[in-house]
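**Q** prediction below, plus the sequence it came from.
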Amino acid sequence: MKKIFTSIVLALCISVSVLAQTTTINVQGQQHKVNATVAARIQKAAKAVASTGIDFSKIERWAGEGDCKAALAIKWADGQNDGKTLVWGYRWKSSEKKTGEDLIRAVAKADPAFYVLALSGTSFGTTFGGFGYDIDGNRNIIITTPKNNEVYPRNGIVYVSSYVFDNCSATDITNDAWNSGWNKGFWSYNVADKAEDALGFSGTGASGRVLTDGCVDAWVFSKFSGASNEYDGNIKYLPATVDYTQGVFIVNEDWFGHRNSTTNYLTRDGKFVYNNTTEIGATACFGAAWGNRYYIIAKQAKDGGANVEGGRITICDANTMRIIKQIKDIDGNDGRSFCGVDEHKAYVSTSRGIYTLNLDELTVGAAVKNADGGDANLGQCGNMVRLGDYVYATEYGKSLRIIDCNTDRIVATISSAKVYSITMSKDGQLWVSTDNGISRVNTETNKLETISLPEGINVPANSSFAWTPDGLCASLQNNVIYWTSASGWNTTIIFKYDIDNNEFAKVVDLTNDPEKRSIYGCSFRVDTKTDNLYLTAAVGYQNDYKVRRYDADGKQLAEYVMDDKDKNYWYPGMFVFPDVEDPIVGNIEDVTVEENKEVKVDLANVCSDADNFQAAIVKSVKSVAYAGKVATATVKNGKLVVTGVKKGKTNVTLNFCSNGISTTATVKVVVTQATGITGTQTSADVREIARFTIDGKRINQPQRGINIVKYSDGTVKKVIVK
């Protein structure tokens, strides 16, 4: 008995001793139990110097715009970056409230070399568990998550669904700076209100940290074992870099017979970055941003004068423009254009038909078939647009083909005019250029409605010699379409059609340009953010190119000279604007339906994306709880169709895919008992007709925070958009 008592006392003493050696610290606002010695070391690490030592005047790598500024300082463990702390700057407007999370997001978005691992949606906001930096500049920026999934950052960030930071790493870990962790080590968050102040250990996470002008946020990786890592003021100011989210890419056809195609990049402040992607293939003609990647389509895989084979399809990481994969062949056909169908599939048009592209495996699939499954026998195909359940594709100079996205089969053909190109306008209507001018596609009757062009407004220019996407395009900000037109052999004029007001105008005219410049090929597009017009003004077939920028009314705002040292024959083609905004979805009201009846809910304005048309957002049902025992659900042409099966409750998870990026929303469904009336099917098309901010200002799309929504049945709801 004495022996047992002694053992109990000994155990209690050990327990007390262990408890005495542990303490609780806040890690990004969350309590963390650590060894007392480690805790003391971590607390001390932030106070290793009396001042942050940061000089804002020496910061060159900035993100954001505004009159306020903050610094982000990061120090990795294990002597990485030669033990130096890297420093970035962040600017914002004094009228805005910004947090430490906003600071990291902005820097990660603007700097293609900096990447982040994060967990969002916790009770403390966003937790940051990993930071990386591309030291060797090879643009191999990938994070390996548990189960060996390799993920490319979206706007510099990879999100995980739980605290798995210890089990994540940088794929290029031998060449990049990288630390991640939560239980074996963690990123210590330290703050100072002014650069001349000493850092202090933050008691809150980055989401709760409100920035002040001149403040410093410093992150130091702290390990629970091994050598300590202290902020020591050994600072490295990074040079300015290219922000691939704030300018425009130019897909160059390049010098046929001499080298493969390339892309150049024009920054927002008018500086060219030449050859940011090279060895694409012969005569690149189309580019598109889709699913955190860029897809560049070339006519052939290799130019006769090139030493390296590229691909008819080149896929690049949108964050860095690093080539992920190149596909050399499309069933023996030359490439034309790309159209994203959803996050898993796209269509690629070619010199002979249209093919599926598996976006998960990055492989070319089968050709699109006829409705009966037979060979479609298509000729040269060009631009394509997805709307609802269909892709509308041009068989160049012949007809408009309508493809069912679920079956990859042509279900209808419009051949009342020779169709050349197609685009979508802000209101979700489709427009084509034809041999007669401009026509609207009536998607209900599958007929073309020709728009009469007034005197002085000419028909669109079409590339009858060698295929290009041509200049038919639309504004994302206003319900306006544009097209280029030729005078003689040269394309010199841009016209626009204001759809809402049924007004035409000539906005740009280079007919009498003093330098005898004309618009090269398809090199005309509208900036998705600023609504500015971009075109390449060339002098014949000389290597003399200028990019000109105009406002929506045709006033020239700037001119940028392509003056590289090698004097390349770029033949600059299509402008491609970055896709950097993600879709935002609002709350959807509960759906009530009777047994054996159906209800339709219009999803047109449920989801928005700042750089995409609402009508272009693809809606689908991701899952239905209880496998349809209570209700079934599907989406048909943008409407949720819910059919009651048995009295009860269930949830429908909807997927919204915009430019290849997806988000989800859950709809609660209540199925009530049938009333006994048979032979009748109800259809309640309840749709949103107006949306306002909390102070009554009308808005065109969901905005984060409280939205006041008015529906077609007269009801008004308060909706919180996260």
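**A** Everything's here; your move. Since we're looking at a predicted model, the values are computed, not measured.

**Q** the nearest residue to residue 544 once chain neighbours are set aside: what's it in contact with?
**A** The shortest distance from residue 544 to any residue other than its chain neighbours is 6.8 Å, reached at residue 538 (Cβ to Cβ, 6 or more residues apart in numbering). In short, each C-beta sits where N, CA and C put it, glycine included. Shown in contact with residue 538 (Cβ atoms under 8 Å, 6 or more residues apart in numbering): 517, 518, 519, 520, 544, 545, 546, 572.

**Q** ok, now residue 64?
**A** By Cβ under 8 Å, 6+ apart, the neighbours of residue 64 are 90, 91, 92, 106, 110.

**Q** run through the bridge partners of the third one.
**A** Using DSSP bridges, the bridge partners assigned to residue 92 are residue 68.

**Q** now the terminal residues of stretch 365-380, how far apart.
**A** This stretch, stretch 365-380, spans 18 Å end to end (Cα to Cα, to the nearest Å).

**Q** buried ones in it?
**A** If you call a residue buried by 16 or more other Cβ atoms under 10 Å, then stretch 365-380 has these buried ones: 365, 367, 368, 369, 376, 378, 380.

**Q** please narrow the residues you listed to those residing in strands.
**A** Residues of the buried residues of stretch 365-380 located in strands (DSSP state E): 365, 367, 369.

**Q** in the sheet, who's paired with the second one?
**A** Beta-bridge partners of residue 367, counted by DSSP bridges, are residue 355.

**Q** tell me the confidence at residue 392?
**A** Confidence at residue 392, expressed as pLDDT, is 98.

**Q** what's the closest residue to residue 417 other than its chain neighbours in contact with, if anything?
**A** Excluding the flanking residues, the one nearest residue 417 by Cβ to Cβ, 6+ apart is residue 434, at 4.0 Å. Shown in contact with residue 434 (Cβ under 8 Å, 6+ apart): 417, 418, 419, 420, 448, 450.

**Q** run the last query once more with 10 Å
**A** 394, 397, 400, 416-421, 448, 450, 459-460, 462 (Cβ atoms under 10 Å, 6 or more residues apart in numbering).

**Q** out of those, which are inside strands?
**A** When DSSP E is applied, the contacts of residue 434 are split such that 394, 400, 419, 420, 421, 448, 450 fall in strands.

**Q** what's the neighbour count on the fourth one?
**A** Here the count is done by other Cβ atoms under 10 Å, and residue 420 has 25 residues near it.

**Q** any idea how far it lies from residue 433?
**A** 5 Å (Cβ to Cβ, to the nearest Å).

**Q** which neighbours do the two have in common?
**A** 383, 394, 459, 460, 461, 462, 470, 472.

**Q** the fifth one against residue 482, yeah?
**A** In other words, residue 461. No. Using Cβ atoms under 10 Å, residue 461 is not in contact with residue 482; the gap is 11.9 Å.

**Q** the two: which is more packed in?
**A** Using other Cβ under 10 Å, the more surrounded residue of residue 461 and residue 482 is residue 461, with 26 against 22.

**Q** what segments of the stretch 351-500 of the chain are strands?
**A** Taking DSSP state E, counting those that start in this stretch as the criterion, the stretch 351-500 of the chain carries its strands at 353-358, 363-367, 369-370, 381-387, 390-395, 399-404, 409-414, 419-424, 430-434, 437-442, 447-451, 473-474, 480-487, 490-498.

**Q** out of those strands, flag the one nearest residue 301.
**A** Of all the strands of the stretch 351-500 of the chain, the one in closest proximity to residue 301, counting by Cβ to Cβ, is strand 363-367 (12.4 Å).

**Q** re the thing from before, of the ones in strands among the contacts of residue 434 - the most surrounded one?
**A** Neighbour-wise, the ones in strands among the contacts of residue 434 (other Cβ under 10 Å) top out at residue 419, 28 neighbours.

**Q** would you confirm that residue 107 contacts residue 72?
**A** Yes. Contact criterion Cβ under 10 Å: residue 107 and residue 72 qualify, at 5.5 Å.

**Q** find the residues that touch each one of those two.
**A** Shared contacts of residue 107 and residue 72 (Cβ under 10 Å, 6+ apart): 61, 63, 88, 89, 90, 114.

**Q** mark which of these are buried, thanks.
**A** 61, 63, 88, 89, 90, 114.

**Q** need the pLDDT of the nearest residue to residue 310 once chain neighbours are set aside.
**A** Computed as Cβ to Cβ, 6+ apart, the closest residue to residue 310 that is not its neighbour in sequence is residue 281, at 3.8 Å. At residue 281, the model reports a pLDDT of 96.

**Q** what stretches of the protein score poorly on pLDDT?
**A** The chain contains residues with pLDDT under 70 at 1-21, 39, 41-48, 464, 676-690, 694-701, 703-705, 710-716, 718-722.

**Q** show me where it has its helices.
**A** For the chain, applying DSSP state H gives helices covering 2-20, 36-45, 100-110.

**Q** okay, now the residue lying closest to residue 537 once chain neighbours are set aside: neighbour count?
**A** Leaving aside its sequence neighbours, residue 537 sits nearest to residue 517 (Cβ to Cβ, 6+ apart; 3.9 Å). Residue 517 is flanked by 20 other residues according to other Cβ under 10 Å.

**Q** OK, contacts around residue 571?
**A** For residue 571, the contact set (Cβ under 10 Å, 6+ apart) comprises 252-256, 261, 283-284, 520-521, 523, 536, 538, 541, 543, 545.

**Q** hang on, the earlier thing: generate TSV for the ones in strands among the contacts of residue 434, with distance to residue 332 as supplementary columns.
**A** Output for the ones in strands among the contacts of residue 434, formatted as TSV (distance: Cβ to Cβ, whole Å):
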residue	distance to residue 332
394	21
400	25
419	25
420	24
421	25
448	32
450	37
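
**Q** can you pick out the most distant pair from those?
**A** Maximum pairwise distance in these, criterion Cβ to Cβ, is 16.4 Å, between 394 and 450.

**Q** just to check, residue 301 is in contact with residue 332?
**A** No. Look at residue 301 against residue 332 with Cβ under 10 Å: they stay out of range, at 11.2 Å.
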